[in-house]
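Novice: no sequence on this one, just coordinates:
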């Protein structure tokens, strides 16, 4: 059974920054890719960023150049990823979900084995 714990988020003014963190673990543990998706009220879940187990990154067009995904070196039983969000805009307001271990060959699809509970990010104008 996998576990994904998120932290960070909150209320920030437009142009500001927020950092989200995500810790993934399970027994037995296998390092795998992690990603963030977001979902605004009335909208579909949207791909934000992903990082593979080897460190390759990918970003959604709407956040490219403003958001940075990174991860720490995995330990024996967990791995941690971060999403640094800069130059935030009101349209970035959403619940951000951390996901771990994609079940497809396309990390942009919201088909991951483990999901976090979601973190609210609200950007005021």
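Specialist: In hand now; what should we look at? All of these numbers come straight from a predicted model, not from anything done at the bench.

Novice: Mind listing residues that contact stretch 60-68?
Specialist: Contacts to stretch 60-68, defined as C-beta atoms under 8 Å, 6 or more residues apart in numbering, come from residues 46-49, 59, 83-88, 91-92, 108. In short, each C-beta sits where N, CA and C put it, glycine included.

Novice: residue contacts, the most centrally placed residue in the chain?
Specialist: Centrality entry for the chain: nearest residue to the mean C-alpha point is residue 36, 2.3 Å, by C-alpha atoms, centre = their mean. Applying C-beta under 8 Å, 6+ apart to residue 36 gives the contacts 20, 22, 48-50, 69, 83, 96-99.

Novice: Is there a quick PyMOL command that grabs whichever of these are buried?
Specialist: Here is the PyMOL command that selects the buried residues among these (16 or more other C-beta atoms under 10 Å):
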select buried, resi 20+22+48+49+50+69+83+96+97+98+99
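
Novice: quick check, residue 91 in a strand?
Specialist: No. Membership of residue 91 in a strand is not supported by DSSP: H, G, I helix; E, B strand; the rest coil, which gives helix.
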